[in-house]
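1. Turn this into a model:
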Amino acid sequence: MKESQTVVYASFSEAVAASPLAQLEAERLGAVKKVLDEGAQKAQSLYAGMPEEKAQRARQADAQLLNSQWVAEQQGARAVVLTEVRKAAADLLKKEGYAMIVDRDAVMVGQPEKDVTGALVAGLKDAKPDFGTLPAVTPVNPEKG
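-> As a prediction, the model looks like this:
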């Protein structure tokens, strides 16, 4: 490992977009959206025959729950992606002996030759993020509790 005090920068957002991570995240969120939509459809079938006021309350509660789950899944997927970027950045830092890699968004101005975004993207080309299992959505029949 090389030793230096060199500080470099990289665009983490560009690295995500230029690597497989953006597509993998989009695919994951598409699968999550499908599961949540299917759960919403199942829940809709439970409202039939319910008094309108009760059905409206159930719809609102289900919508809030599904929206909360969607936001949590988006945040979780982004956290997994950023973990992959951090791992690749740490590997690059160690390999090249940099003192620090800073996100380009935090750099006011820098020498173009200090931009290591391309090297970071190369380090992400084989990234295989683990997003975990898809959420399970099981509507509760309000009539049964």
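
2. could you pull out the helices for the chain?
-> 12-18, 21-47, 52-96, 117-124 (DSSP state H).

3. closest one to residue 137 among the ones you listed?
-> Of all the helices of the chain, it is helix 21-47 that lies closest to residue 137, at 2.7 Å by CB to CB. Where C-beta positions appear, they are placed from N, C-alpha and C, glycine not excepted.

4. same for that closest one, what does it pack against?
-> Applying 3 or more CB pairs under 8 Å, 6 or more residues apart in numbering; DSSP states H and E, one finds that helix 21-47 contacts helix 12-18, helix 52-96.

5. tell me the most buried of these?
-> When you average the neighbours per residue for each of the helices and strands packed on helix 21-47 (mean count of other CB atoms under 10 Å), helix 12-18 leads with a mean of 19.

6. mind saving the C-alpha coords of that helix as PDB?
-> The C-alpha coordinates for helix 12-18 follow below in PDB (Å, rounded to 0.1, in the frame of the first residue of the first chain):
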ATOM      1  CA  PHE A  12     -20.700   9.500  -5.300                       C
ATOM      2  CA  SER A  13     -23.900  10.300  -7.200                       C
ATOM      3  CA  GLU A  14     -22.200  10.000 -10.600                       C
ATOM      4  CA  ALA A  15     -20.500   6.700  -9.400                       C
ATOM      5  CA  VAL A  16     -23.900   5.300  -8.500                       C
ATOM      6  CA  ALA A  17     -25.500   6.400 -11.800                       C
ATOM      7  CA  ALA A  18     -22.500   5.100 -13.900                       C
END
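
7. contact partners of it?
-> Under the criterion CB atoms under 8 Å, 6 or more residues apart in numbering, residues 21-22, 25, 81-82, 85, 88-89, 103-105, 117, 120-121, 124 lie in contact with helix 12-18.
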